[in-house]
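Here is my input; please provide its structure:
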Amino acid sequence: MDNVVILALLATLGTWLVTALGAATVVFFRTPNQKVMNLSLGFASGVMIAASFWSLLQPAIERAEESLAVPAYLVVTAGFLFGALFMWGSDKIVLLTQRDVDNIQGTPHRRFRRIMMLILSITLHNIPEGLAVGVAFGVLKNGEWSTETLMGAITIAIGIGLQNFPEGAAVSLPLRREGVSAKKCFLYGQASGMVEPIAGVLGALLVVYVEAILPYALAFAAGAMILVAVHELIPECQKNQETQPYFATMGIVIGFATMMLLDVMLG
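Sure, this is the predicted structure:
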């Protein structure tokens, strides 16, 4: 059990490190290369969509059929919808708070509050992502090591890490354009990913101590990842694509194919 939690911690420390690397781009330029950003966002969304099925939903269905009295289709549907609703609720909280901030006129703290809301919005998104990694490594508990489960956990961590790079940049670069120093931009950007190790350890512990929750937790992570990919990453990567409309789309296809290849070949 301790080994599983340590692995989850190390994996989510890795995803946080990628967030920090993304935030560090502020040192080199104020605005990112749009083509590279779109390609990386598309690739990350493709990886997350593929991982949601092969590494999360499919194992959830199999484990629900083996260990639960509740029909597997109800288990994965409930878990998946709850994961998506969790992310939707996080977005609603952020949007409502942002609306309140926008309605405040002429206060010296308005700019600071807007900066804090930008950081909070990214931080909230990182919580279910950390949970997804922790749950994936929690499956390895009690010596249940196999190439399939280990590669599934690793690829989920890689996929989330890849999409964390542009997220780190998405915090630091707008702050830099607002005139915040490069050092503070980096610190704020990397701080948005620090919740992932905490959520990763929590997800692993939940799976270890409450075995019946595992199928629900896997489906929950899938729902959260799908919502992030479809609602945020894909629309964002399709912006400013008038000259090369398929550039980001091919990133999605390549990301999906890469994840599918790893899971099917090694599973």
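
contacting residues for Gly138?
Counting by C-beta atoms under 8 Å, 6 or more residues apart in numbering, Gly138 makes contact with 4, 8, 203-208, 214, 217. C-beta: built from backbone N, CA, C; applies to glycine.

do that again at 6 Å, thanks
4, 204, 207-208 (C-beta atoms under 6 Å, 6 or more residues apart in numbering).

Give me the phi and psi for it.
When read as degrees, to the nearest 10, the backbone of Gly138 gives phi -60, psi -20.

Name the nearest residue to it, sequence neighbours excluded.
Leaving aside its sequence neighbours, Gly138 sits nearest to Val207 (C-beta to C-beta, 6 or more residues apart in numbering; 2.9 Å).

Okay, that neighbour and Ala229: tell me how far apart.
To Ala229, Val207 is 23 Å away according to C-beta to C-beta, to the nearest Å.

where along this structure do the helices fall?
2-24, 34-51, 58-67, 72-102, 110-138, 147-177, 182-191, 195-209, 214-228, 234-237, 247-266 (DSSP state H).

Make TSV out of those helices and add mean pLDDT.
Output for the helices of the chain, formatted as TSV (pLDDT from 0 to 100):
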stretch	mean pLDDT
helix 2-24	88
helix 34-51	78
helix 58-67	85
helix 72-102	79
helix 110-138	70
helix 147-177	75
helix 182-191	85
helix 195-209	86
helix 214-228	82
helix 234-237	81
helix 247-266	81
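
just checking, Thr19 touches Gly168?
Yes - with contact taken as C-beta atoms under 6 Å, Thr19 and Gly168 are classed as touching, separated by 4.1 Å.

In this structure the residue nearest to Gly138 contacts Leu214, no?
Yes - taking C-beta under 6 Å as the definition, Val207 is a contact partner of Leu214 at 5.2 Å.

circling back: out of the contacts of Gly138, which is most surrounded?
When neighbours are counted by other C-beta atoms under 10 Å, Ala204 leads these with 31 neighbours.
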